[in-house]
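Q: only the shape, not the letters, is given here:
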DNA sequence: ATGGTCGGCAACCGA
């Protein structure tokens, strides 16, 4: 099984990038974040045409998550609960026998702000969500834009960036609590090299060339599934004329059971 | 010195 995640920053603006990448890599599952489209306007047809089903949960302008899958998406659920709380940031489905959770964690603005506290609260709600709905002893995949670089190796200058949003001790503590519930960072299990990033600030000129990156997009799995992982990588091979930062798919492969 | 640039969408907001 091959799974991937990509913060698409508007599915409509980057549809051809995503479609071409699916045709090239043929993953079983692709999780998207920041689709920025209400469900009634999600471009479902182009995925269907190349043999992929989709489940999506979005809104106008902001947020939005989608799961694209070769196999049928069963038991699709949106948000933390049956009332659909935070539905544009969390979607889950069962693919084959494996539950897949796709999240777009709040960005958090700046440490000390209300939105930063809301991000930490959101991570605590996510902990409760995993605890209430899943077991660390069973296969479970969590993919998405976590908006946190967990370890010093995951940012270009940890000493300088420590305390910034996305690399803050409070974020680390709240994310670690979820990890200790029972997740393995599947990418880091397979790739030990530094300099592996999925995000570069748009506002920094030539950030990709200068390697000013962050690894904030992740593929995590519970132990029984993580054990079966064989390979992980970040695919950022832009086509001619594309920005490399518009083309950052994090990918992992697992052996069949 | 406290920027920069994207996408959405129609003035700024969020990242």
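A: Looks like it arrived, so ask away. None of the values given here were measured: they were computed from a predicted structure.
Q: contact residues of the stretch 1-150 of chain A facing DNA strand B?
A: By Cβ under 7 Å from any atom of the strand, the residues of the stretch 1-150 of chain A that approach DNA strand B are A:9-10, A:12-13, A:34, A:36, A:60-62, A:106-109, A:115, A:147. For the C-beta atoms, the positions are set from N, CA and C on the backbone; glycine is no exception.
Q: are any of the residues you listed buried, and which?
A: A:9, A:34, A:36, A:106, A:108, A:147 (16 or more other Cβ atoms under 10 Å).
Q: give the contact list for residue A:215.
A: By Cβ atoms under 8 Å, 6 or more residues apart in numbering, the contact list for residue A:215 reads A:149, A:154, A:155, A:187, A:196, A:197, A:198, A:199.
Q: picking up where we left off before, closest to residue A:43 out of the residues of the stretch 1-150 of chain A next to DNA strand B?
A: Here the nearest of those to residue A:43, counting by Cβ to Cβ, is residue A:12; it sits at 6.5 Å.
Q: and stretch A:217-233, which residues are buried?
A: Using 16+ other Cβ under 10 Å as the test for burial, stretch A:217-233 gives A:217, A:218, A:219, A:220, A:221, A:222, A:224, A:225, A:226, A:229, A:232.
Q: okay, and the beta partners of the fifth one?
A: If I follow you right, that is residue A:221. With DSSP bridges as the criterion, the beta-bridge partners of residue A:221 are residue A:141, residue A:184.
Q: next one: it, what pLDDT does it get?
A: Predicted confidence (pLDDT) for residue A:221: 99.
Q: pretty sure it sits against residue A:138.
A: No - using Cβ atoms under 8 Å, residue A:221 and residue A:138 do not qualify as a contacting pair, with a distance of 10.8 Å.
Q: in three-state terms, label residue A:66 for me.
A: Assigned by DSSP: H, G, I helix; E, B strand; the rest coil, the conformation of residue A:66 is strand.
Q: got the contact list for it?
A: Contact criterion Cβ under 8 Å, 6+ apart gives A:11, A:31, A:32, A:35, A:42, A:54, A:55, A:56, A:57, A:58, A:91, A:102 as the residues in contact with residue A:66.
Q: picking up where we left off before, which of the residues of the stretch 1-150 of chain A next to DNA strand B fall within helices?
A: The helices in this structure, assigned by DSSP state H, contain residue A:115 from those.
Q: run through the bridge partners of the closest residue in space to residue A:216 that isn't next to it in sequence.
A: Of all residues beyond its chain neighbours, the one nearest residue A:216 is residue A:199 (4.9 Å), with distances taken as Cβ to Cβ, 6 or more residues apart in numbering. Partner residues in beta bridges with residue A:199, using DSSP bridges, are residue A:214.
Q: correct me, but residue A:199 touches residue A:7?
A: Yes - the pair residue A:199 and residue A:7 passes the contact test of Cβ under 8 Å, sitting 7.3 Å apart.
Q: overlap of the contact sets of those two?
A: Taking Cβ under 8 Å, 6+ apart as the contact definition, residue A:199 and residue A:7 share the neighbouring residues A:217, A:248.
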